[in-house]
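J.: Got a predicted structure here, sequence first:
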Amino acid sequence: MTDSDHRTVIRAEGLRRGYAGGFEAVRGVSFSVERGEVFALLGTNGAGKTSTVELLEGLAAPSGGQVRVFGLDPYRQRARVRPRTGVMLQEGGFPSDLSVAETVGMWGGVTSGARPAAEVLELVGLAARSSVRVKQLSGGERRRLDLALALLGRPEVLFLDEPTTGMDPEGRRDTWALVRELRAQGTTVLLTTHYLEEAEELADRLAILHEGELVLTGTPAEVTGARPARIRFTLPQGVPAARLPLALCAAAEGQRVEIRTERLQADLGTLLRWAGESGIELAGLDARAASLEEAFLEIAENRRGPAGRTGPMAGAR
Ligand SMILES: Nc1ncnc2c1ncn2[C@@H]1O[C@H](COP(=O)(O)OP(=O)(O)OP(=O)(O)O)[C@@H](O)[C@H]1O
C-alpha cells in the first residue's frame, strides 16, 4: 500500500540536508505524520527544525534520504503537492504598503479554490483590520495575516513555522483554538514552536530535534509520563531535612527541599501527613507532574556537545 491511499500524509526517512561549506543541519531524520494529526517539531535554536520543514514543503531537495507528502516527492512533484498544502513561513515578506484585504486578495488571485478574503480574515481575527496597511500591523497581527494566507487554499496539510511568535497571550489562545478547529475538520498540521506549552496544548504527537537528529518522538503524555514528578518546599528554620520520612527520596539545600518521585500522589500524601502530625508548615509547597519543558531541557543538557554548538535553550526563558 502506498502513502497516497494510506493514512500517512507525511513520511520522512533518513532525511539529510547539508549546506554549502559542508555543514549538515539535518542528519538522518525519520518520522511520519498521520492524516488529521497535529505533529510538533521541537528543538533548541539551530536544531534543524526549519531546515527539515523546508524539505517537507518542497522548498529544497534533501541531500540524503527521502520525503513523501501524499506519497509524492514535494520537491520534484511540487506542482501536484503545493496546491494541497498551506505554508506559514517564519517571515511572510509581503509588500508593506498594501492593506490587509488587498494582500489577501492578491494572494487569493493566485490560489486555486481560494476562500473568500472576508472568511479567512474572520477566521484569524483580522476582519476589523482589513483596511489597515500591512506595515501598520503589530508583529502578532502580521503572524495572523501569515496564517490567513496559509489557510486561503483550504489546505489538507498546514505547515506552521513558529506560528504564535510575537502574539500576545490572547492572540496565542485564539490561534490555538483555530488550529484545534482545523484539526477537527480533518486538516493535518505540522508545527514548529519554541513554546513548549504550545506543543503540550496542541500536539497529538511531537518530536524533539537536537543538532540535526531526532532524539525523542511520542505523544506529550508519553514524553512527560516517562519522567518523575517533583515536589518542592522550604522547611522552617530549625527543622532539618533529615527529619523527613525516610520513604521520601528528598534532596535538600539548606531548608529548601526537592523530592523526585514516580508516585506523586502517595509521596505527597506521606509528606502532608507528616507535616500535619508534626505541626510543620511547608512554605512554598509546589507539586507537579513532569512537564514537556523538563523533558526538553534534560535532552538539551545531556546532549550538549563539548564544542558548545547548542544555543540557548528554547522555551527555558
Ligand atoms: N543557508 C544556510 N547555510 C548554512 N547553514 C545554514 C543555512 N541555514 C541554516 N543553517 C544552519 O543550519 C542549522 C539549523 O538551522 P535551522 O534554521 O534549520 O534551525 P532551527 O531549529 O529552525 O532554529 P531556530 O529555532 O533558531 O529557528 C543552524 O546551525 C544554522 O546556522
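T.: Alright, I've got the coordinates.
J.: and the residue nearest to Thr219 when sequence neighbours are not counted, what are its phi and psi?
T.: Counting by Cβ to Cβ, 6 or more residues apart in numbering, Thr219 lies nearest to Arg205, which is 5.5 Å off, once chain neighbours are set aside. No exception for glycine: its C-beta is placed from N, CA and C like everyone else's. Torsion angles at Arg205 (phi, psi; degrees, to the nearest 10) stand at phi -140, psi 160.
J.: which SS class is the residue in the stretch 51-200 of the chain that the ligand sits nearest to?
T.: As assessed by Cβ to the nearest ligand atom, the ligand sits closest to Ser51 within the stretch 51-200 of the chain, at 3.2 Å. Per DSSP: H, G, I helix; E, B strand; the rest coil, the secondary structure class of Ser51 is helix.
J.: Surely it touches Val26?
T.: Yes: here Ser51 lies in contact with Val26, judged by Cβ atoms under 8 Å, at a distance of 5.1 Å.
J.: Looking at the two, which is more packed in?
T.: Neighbours were counted for Ser51 and for Val26 using other Cβ atoms under 10 Å; Val26 has more, 28 against 22.
J.: measure the nearest residue to the more buried one once chain neighbours are set aside to Arg232 for me?
T.: Leaving out its chain neighbours, the residue that sits closest to Val26 by Cβ to Cβ, 6+ apart is Arg17, at 3.9 Å. For Arg17, the distance to Arg232 (Cβ to Cβ, to the nearest Å) stands at 42 Å.
J.: who's more crowded, the two?
T.: Using other Cβ under 10 Å, the more surrounded residue of Arg17 and Arg232 is Arg17, with 22 against 14.
J.: tell me how far stretch 68-80 is from the chain's mean position?
T.: 24 Å (Cα atoms, centre = their mean, to the nearest Å).
J.: My assumption is that Glu277 lies in a helix; please confirm.
T.: Yes: assigned with three-state DSSP, Glu277 falls within a helix.
J.: if we can go back for a sec, neighbours around the nearest residue to the residue of the stretch 51-200 of the chain closest to the ligand once chain neighbours are set aside, how many?
T.: Sequence neighbours aside, Ala25 is the residue nearest to Ser51 in space, at 4.1 Å (criterion: Cβ to Cβ, 6+ apart). Neighbour count of Ala25, defined by other Cβ under 10 Å: 20.
J.: Need the three-state assignment for Ala25.
T.: Ala25 ends up strand, using three-state DSSP.
J.: tell me the contacts of it?
T.: Contact partners of Ala25, counting by Cβ atoms under 8 Å, 6 or more residues apart in numbering, are Arg17, Gly18, Tyr19, Gly46, Gly48, Ser51, Gly212.
J.: gap between the last one and the ligand?
T.: Going from Gly212 to the ligand by Cβ to the nearest ligand atom, to the nearest Å gives 7 Å.
J.: That residue and Glu24 touch, don't they?
T.: Yes: in this structure, Gly212 is within contact of Glu24 by Cβ under 8 Å, at 6.2 Å.
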